[in-house]
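Visitor: below is the sequence, then the predicted model.
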Amino acid sequence: MIYLVIKFGNLPIVVLVVADQHLHMPMYFFLGNLSNMKICYTSTILPRLLASFLTRDRTIPAQGCMTQLFFLGCFAGTECHLLATMSYDQDLAICQPLLYTSLTNGKVFLQLVDGPWLAGLLMSAIVTGQFSRLQFCGPNKMNHVFCGFAPLLELACSDTRVLRLVTFLICVLDVVFLFVFTLVSYICIIAAILRIPTTMGRQKAFSYCFPTFSLCSSHLIMVSVFYGTPIIVYVVPRTASLRQLNKVLSFFYTILMPMVNPLLYSL
């Protein structure tokens with residue numbers, strides 16, 4: 001039921017953005033890309049998980065596990081860049097509305113759309129390439145619901161220092177930077193509204209930009225949950241008593257959040 005809700009909740013957003021001429025604007029096009037990415041993201045996990053429920057077969061080939069890890073990393077990296085791009089687009093729309101059309105011309109718009117997908121693909125290819133060099137000769141039981149980075153790393157019996165260093169650099173230089181960039185964009189949006197001298201002027205600004213501000217609030221909720229839950233998952237020590245919590249939180253941000261995505265944005 002969750003998988004069906006994700007599919008038939010996000011797919012109409014993609015179709016509507018493409019079909020309705022009034023929605024051919026950058027912010028809605030980014031929203032369509034985000035919904036499409038959510039469908040791809042959950043399709044990497046849930047079909048294999050459902051097959052395990054039906055067949056009672058909980059085994060997965062090493063190649064299949066690496067493939068799942070690659071696509072999970074690709075879509076997660078894409079979402080990081082896409083959320084940052086959406087915040088930048090909303091920042092321009094609110095803080096520089098008169099220059100918005102010229103700043104988001106055709107060439108820039110295509111770069112903003114293609115950039116997140118290419119960046120996510122590159123990030124995942126680097127990490128998965130390092131993973132493929134490891135040897136897995138120890139226990140072959142993974143205490144998780146999908147082939148994630150940390151659970152798979154625990155099964156490696158070769159030196160993982162290079163992989164850890166590469167992943168750390170990618171997270172600091174890319175993911176952390178994007179998170180800070182997103183926060184700064186929202187600070188600029190709030191500051192732009194607070195600079196309006198009169199209460200009536202601020203109310204008019206909110207009224208004039210209401211669709212954008214409603215999208216901002218939904219987007220801010222999505223950003224908080226998307227970055228918050230993985231931070232808890234990977235910062236909390238992986239002790240035996242906390243493994244169940246890690247699995248629940250992983251299921252939350254990979255499965256439940258894509259299900260809530262249409263409600264947060266389309267309402």
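Guide: The structure has been received and is ready for your questions.

Visitor: for Leu34, give me its contacts.
Guide: By Cβ atoms under 8 Å, 6 or more residues apart in numbering, Leu34 lies in contact with Glu79, Leu82, Leu83, Met86, Asn261, Tyr265. Quick note: C-beta positions are derived from backbone N, CA and C, even for glycine.

Visitor: let's see that with 7 Å instead.
Guide: For Leu34, the contact set (Cβ atoms under 7 Å, 6 or more residues apart in numbering) comprises Leu82.

Visitor: now Leu103
Guide: So Leu103 contacts Leu92, Gln96 (Cβ under 7 Å, 6+ apart).

Visitor: and for Gln63, the neighbour number?
Guide: Number of residues near Gln63 (other Cβ atoms under 10 Å) recorded here: 9.

Visitor: please identify which helix or strand holds it.
Guide: Following DSSP states H and E, one finds Gln63 within helix 62-95.

Visitor: now swap in Thr182 and tell me
Guide: According to DSSP H and E, Thr182 maps onto helix 177-194.

Visitor: just Gly129 next, same as before
Guide: Counting by DSSP H and E, Gly129 is found in helix 106-131.

Visitor: out of the helices and strands in this structure, which is least certain?
Guide: helix 199-208 (a mean of 59; mean pLDDT, DSSP states H and E).

Visitor: which one is Val166 nearest to, not counting chain neighbours?
Guide: In space, and not counting its chain neighbours, Val166 is closest to Gln130: 5.5 Å by Cβ to Cβ, 6 or more residues apart in numbering.

Visitor: same thing with Leu23?
Guide: Closest residue to Leu23 apart from its sequence neighbours, by Cβ to Cβ, 6+ apart: Val17 at 5.0 Å.

Visitor: before we move on, what about Leu50?
Guide: Leaving out its chain neighbours, the residue that sits closest to Leu50 by Cβ to Cβ, 6+ apart is Tyr3, at 6.9 Å.

Visitor: distance of Cys80 relative to Met37?
Guide: Counting by Cβ to Cβ, to the nearest Å, the gap between Cys80 and Met37 amounts to 11 Å.

Visitor: repeat that for His144.
Guide: 22 Å.

Visitor: so those two - more neighbours on which side?
Guide: Neighbour tally, His144 and Met37, criterion other Cβ under 10 Å: the higher count belongs to Met37, 22 against 15.

Visitor: okay, buried residues for the helix or strand that one falls within please.
Guide: Per DSSP H and E, Met37 falls inside helix 26-43. Within helix 26-43, the residues that count as buried by 16 or more other Cβ atoms under 10 Å are 26-35, 37-39, 41-43.

Visitor: try stretch 119-134
Guide: Buried residues in stretch 119-134, defined by neighbour count with 16+ other Cβ under 10 Å: Ala119, Gly120, Leu121, Met123, Ser124, Ile126, Val127, Thr128, Gln130, Phe131, Leu134.

Visitor: in CSV, list the residues you listed along with distance to Thr160 and pLDDT.
Guide: Shown next, in CSV, are these (distance: Cβ to Cβ, whole Å; pLDDT from 0 to 100):
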residue, distance to Thr160, pLDDT
Ala119, 24, 89
Gly120, 23, 89
Leu121, 23, 92
Met123, 18, 89
Ser124, 17, 90
Ile126, 15, 90
Val127, 12, 89
Thr128, 14, 90
Gln130, 9, 87
Phe131, 9, 86
Leu134, 7, 85
